[in-house]
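[1] what would the 3D arrangement of this be:
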Amino acid sequence: MEVIRVFISSVQKEFARERRLLCDYIRTDALLSRFFVPFIFEDMPASEVSSQKAYLTQAAECHIYLGIFGTQYGYEDTEGVSPTEHKFDTATANHAHRLIYILRTNEQRHPKEQAFINKVQQDVIRRSFTTYEELRTAVYNSLVDYLVQKEIIRRVPFDAAAHHVATFDDIDPERVR
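    Numbering: from 1, shown residues only. Predicted coordinates for the structure are as follows:
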């Protein structure tokens, strides 16, 4: 079975602790570690490739983009766009499955962060969190749901599961007899 690459994306400074904990959690959880390989930029070795090219390559190659959004928009390039938004756009263009988690806060969000969240919410269902524990639980549930949707794991035995496109007309009465 092919490994499922999960790209964890956020403003690094805002979610340094959560990124590390989530990455370690996915790598060590008895179920998740069998299927998923998480990636955070902090784990990349030194390289002669630019950081922008490195993270966009990873975002383009991931199966799942896991975005954690808070109050900060982060560094803006010459186009006025943050790396987090570039990574989301790259993952979207490459048809990655997108899981979005938004920090529930009373703090004022950077205006560009709010605009980015509004943009993302038009495309995907997102989950809110307040604590790392809530985030970890939401991520776990989403990743298990992904495995079920892709029929990598099943809720019912194979023989009891209906095929998603088969109909009764596909059954050959002669072969059944």
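[2] could you look up the SS state of residue 67?
    Taken by DSSP: H, G, I helix; E, B strand; the rest coil, the conformation at residue 67 corresponds to strand.
[3] what sits against it?
    By CB atoms under 8 Å, 6 or more residues apart in numbering, residue 67 lies in contact with 9, 10, 84, 87, 88, 98, 99, 100, 101, 120. Quick note: C-beta positions are derived from backbone N, CA and C, even for glycine.
[4] over to residue 121?
    By CB under 8 Å, 6+ apart, the neighbours of residue 121 are residue 100.
[5] how about a cut-off of 10 Å?
    100, 102 (CB atoms under 10 Å, 6 or more residues apart in numbering).
[6] quick check: it vs residue 128, distance?
    Residue 121 sits 11 Å away from residue 128, going by CB to CB, to the nearest Å.
[7] and the spatially most central residue of the chain, what pLDDT?
    Relative to the mean C-alpha position of the chain, the nearest C-alpha, by CA atoms, centre = their mean, is the one of residue 66, at 2.6 Å. In this model, residue 66 is scored at 98, pLDDT.
[8] pretty sure it contacts residue 91?
    Yes. Counting by CB atoms under 10 Å, residue 66 touches residue 91, with 9.5 Å between them.
[9] shared neighbours of the two, which are they?
    In contact with both residue 66 and residue 91: 7, 9, 97, 98, using CB under 10 Å, 6+ apart.
[10] beta partners of the residue nearest to the third one when sequence neighbours are not counted?
    It stands for residue 97. Spatial nearest neighbour of residue 97, chain neighbours left out: residue 64 (4.8 Å); criterion: CB to CB, 6 or more residues apart in numbering. Using DSSP bridges, the bridge partners assigned to residue 64 are residue 6, residue 97.
[11] please enumerate the strands of this protein.
    4-9, 36-39, 64-69, 97-103, 126-129 (DSSP state E).
[12] could those go into TSV alongside distance to residue 25?
    Shown next, in TSV, are those (distance: least, CB to CB, whole Å):
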stretch	distance to residue 25
strand 4-9	11
strand 36-39	8
strand 64-69	12
strand 97-103	14
strand 126-129	14
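[13] where does pLDDT dip in this structure?
    Along the chain, segments meeting pLDDT under 70 span 1, 156-164.
[14] where do the helices sit along it?
    When secondary structure is read from DSSP state H, the chain shows helices at 16-28, 32-35, 51-61, 83-93, 111-121, 132-149, 173-176.
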